[in-house]
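*Asks:* Any chance you could fold what I've pasted below:
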Amino acid sequence: MKRVFAWLTVCLLAGCLAGCGGEKRVVTSDTLYVPRIEGMTEAFILGMDASIVPSLEAGGVRYYDFDGREKDVFEILSENGINYIRVRVWVDPYDGSGRGYGGGNCDIGTALAIGKRATRYGMKLLVDFHYSDFWADPGKQMVPKAWVGMEIDEKADALNRYTTDCLQQLKDAKAELGKPFPQEAELAEKSARLAELNVQLDIDSNHGTAQRGQTVAKAERPSVLEGLRRPVPPRTVEKRDKSHTMER
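*Replies:* Numbers count the residues shown, from 1 in each chain. A predicted model of the protein is given here:
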């Protein structure tokens, strides 16, 4: 076994040395890129998360277009069809010494910088509030340091003030916030159209013999809008070891 391990180590080192030596190779490909889909409407959202871009640029990363010209990466994205930029927002992603937790250290200041650049090149901003100092998802939600020990009413007030302040800062910076989801009037219209479609499907399935009473009953079903207003049932949270319990 030791001989096999030593042999593999020698092979790996030899490969590394071979790869590092000699002239620098440029790899090209004609099949690397996904071709643009023609005929998409302006309402179609083609977006990406650019939260870590400022952190990468601070580390020396530069971006170039297909002709090799250095450009603002947001200009390159806009030129290639991106119309929405998602940015995550953490409350205070720094420790007591001011060192960032990583992942771009995405606080509201970072969101403002990204929002201005995205707006400059005609893209809208999708703000994703985590309401945490670091990553949050359906499986974990760590309370921000500044909110630790607060009662639920105090946390609700802190959340409200924090969100309002962030949105005001984005508005003052003239960042164009997008509305990726239909508003209530649009939902109502789409719901009515779905009801009409259901009736038409009923008529088609009965070879045009649907009766008036059947049509009325079909149209009076709960709309999509009403369904969206219903509260989401609580999820069953898996019990975890107490040593890993986080304040929620």
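*Asks:* So what does Trp135 look like in phi/psi?
*Replies:* Note on Trp135: backbone dihedrals following degrees, to the nearest 10 are phi -50, psi 140.
*Asks:* my guess is it meets Gly103, correct?
*Replies:* Yes - here Trp135 reaches Gly103: they are 6.8 Å apart, a contact under CB atoms under 8 Å. Quick note: C-beta positions are derived from backbone N, CA and C, even for glycine.
*Asks:* For Thr119, see how far away Val34 is.
*Replies:* 26 Å (CB to CB, to the nearest Å).
*Asks:* Which residue of those two possesses the greater neighbour count?
*Replies:* The neighbour comparison of Val34 against Thr119 (other CB atoms under 10 Å) goes to Thr119, with 19 against 6.
*Asks:* number of nearby residues for the residue lying closest to that one once chain neighbours are set aside?
*Replies:* Spatial nearest neighbour of Thr119, excluding adjacent residues (CB to CB, 6 or more residues apart in numbering): Glu176 at 4.6 Å. Residues near Glu176, counting by other CB under 10 Å, number 15.
*Asks:* Flag the shaky bits of the chain, pLDDT-wise.
*Replies:* 1-30, 32, 180-248 (pLDDT under 70).
*Asks:* where exactly do the strands run in it?
*Replies:* 47-49, 84-89, 124-129 (DSSP state E).
*Asks:* Do I have it right that Leu77 meets Tyr121?
*Replies:* Yes - with contact defined as CB under 8 Å, Leu77 counts as touching Tyr121 (7.5 Å).
*Asks:* Brilliant, that's me finished.
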